[in-house]
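Colleague: Model the following, please.
(one chain, ligands or ions: 3)
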Amino acid sequence: MSEPRKRIRVRQIAQAKAEGRRISALTSYDCMTARIFDEAGIDLLLVGDSAANVVFGANTTLSITVDELVPLARAVAQAAPHCLVVADLPFGSYEAGPDQALATSIRFMKESGVQAVKLEGGVRSEAMIRKVVDAGIPVVGHIGFTPQSEHGLGGHVIQGRGAAAKQLMEDALAVERAGAFAVVLEMVPASVAAEVTKALTIPTIGIGAGAECDGQILVWQDAFGLNNGRLPKFVRQFAQVHEVLRNAASEYREAVADGSFPNTAESYPDIAPTV
Ligand SMILES: Nc1nc(=O)c2c([nH]1)NC[C@@H]1CN(c3ccc(C(=O)N[C@@H](CCC(=O)O)C(=O)O)cc3)CN21
Ligand SMILES: CC(C)C(=O)C(=O)O
Ligand SMILES: [Mg+2]
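Modeller: Numbers count the residues shown, from 1 in each chain. Ligands and ions are numbered 1, 2, ... in the order given. Predicted structure coming up:
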């Protein structure tokens, strides 16, 4: 008999890099997808502030609040017993300083049951990461294109190209030095991400950062084709869920319209049949 699958912990994520095993990560925002991705053996689930876009319909991630993200994080943490579950700290919930970062992280740990938090920024966020880590809360960093600063960065701009590679490396080293157990690299040239991955002892998890990162993450609605809008270049569609759901909804509508749903088996008789 095989041993029951245990929850993946920060230690196993670090081990994966040492042993050259790639880390698979996806976003999740609800109990149903969390259960499915857990069953599929995904290592890490991120309750991303991208919920602002793919759950609440906003154009940027800036508007989502801690009060909005905590219940989604609770749903995911509860439904995924084997994945390492990480929650994003929303914009405005940690930048004021280490004390704010810790207070928000403690809220996520107490109220949602996630096992780690993620926050954006390298050198500029070093003190915040250190404070949270020192309280015993595992932290994932996030550098390169950081969506919460998209207005400052001037849109969805590739980071770390040419001379900017040096700053990206400094950000990566700052995140590692501060005690983060992993770092997301978003929208950076593959060659630069490869250099950063080699320079760090903690795993890099790429999104638009090439194949040489220690792991990959995608927003699930992009990866599985629920989102059929314009997708970033780094997305591969592994399924077409939008079509599956639209066809199912059309069939349901037709069955209701022509009276074929519900049939007798889907209805209650007045008196239960005797066996
Ligand atoms: N659905 C979704 N997927 C994501 O990957 C994602 C979010 N939402 N929300 C938070 C951030 C924002 N991210 C984004 C959003 C858009 C582009 C994008 O459109 N990129 C274009 C080029 C830039 C442009 O023209 O705006 C590309 O083709 O890669 C990239 C990353 C990544 N994250
Ligand atoms: C795309 C990932 C890394 C993210 O931060 C999010 O989904 O919010
Ligand atoms: Mg995010």
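
Colleague: so where's the protein uncertain?
Modeller: Along the chain, segments meeting pLDDT under 70 span 1-2, 273, 275.

Colleague: And the helices in it?
Modeller: Assigned by DSSP state H, the helices in the chain fall at 10-18, 31-39, 51-54, 66-79, 98-112, 126-134, 150-153, 165-177, 190-199, 220-223, 241-257.

Colleague: would you turn those helices into CSV with distance to K233?
Modeller: Backbone N, C-alpha and C define where each C-beta goes, glycine included. Converted to CSV, the helices of the chain look like this (distance: least, C-beta to C-beta, whole Å):
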stretch, distance to K233
helix 10-18, 26
helix 31-39, 24
helix 51-54, 17
helix 66-79, 27
helix 98-112, 31
helix 126-134, 29
helix 150-153, 16
helix 165-177, 19
helix 190-199, 12
helix 220-223, 11
helix 241-257, 19
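
Colleague: if I look at the closest residue to G210 other than its chain neighbours, how far off is ligand 1?
Modeller: Closest residue to G210 apart from its sequence neighbours, by C-beta to C-beta, 6 or more residues apart in numbering: A190 at 2.5 Å. According to C-beta to the nearest ligand atom, to the nearest Å, A190 and ligand 1 sit 14 Å apart.

Colleague: Up against ligand 1, what does the stretch 101-250 of the chain have?
Modeller: P147, G155, H156, V219, Q221, D222, N227, P232, K233 (C-beta under 6 Å from any ligand atom).

Colleague: List just the nearest of the residues you listed to ligand 3.
Modeller: P147 (5.8 Å; C-beta to the ion).

Colleague: sorry, back to before: just confirm the residue nearest to G210 contacts E212, I think it does.
Modeller: Yes - at 6.6 Å, A190 counts as touching E212 under the criterion of C-beta atoms under 8 Å.

Colleague: Next, find the distance separating V157 from A58.
Modeller: 20 Å (C-beta to C-beta, to the nearest Å).

Colleague: So which of these two has more stuff around it?
Modeller: Neighbour count, other C-beta atoms under 10 Å: between V157 and A58, A58 has more, with 14 against 10.

Colleague: which ones are touching the most centrally placed residue in the chain?
Modeller: For the chain, L46 is the residue whose C-alpha lies nearest the centre (C-alpha atoms, centre = their mean; 2.7 Å). Listed by C-beta atoms under 8 Å, 6 or more residues apart in numbering, the contact set of L46 reads A25, L26, T27, S28, V86, A87, D88, K118, V140, I217.
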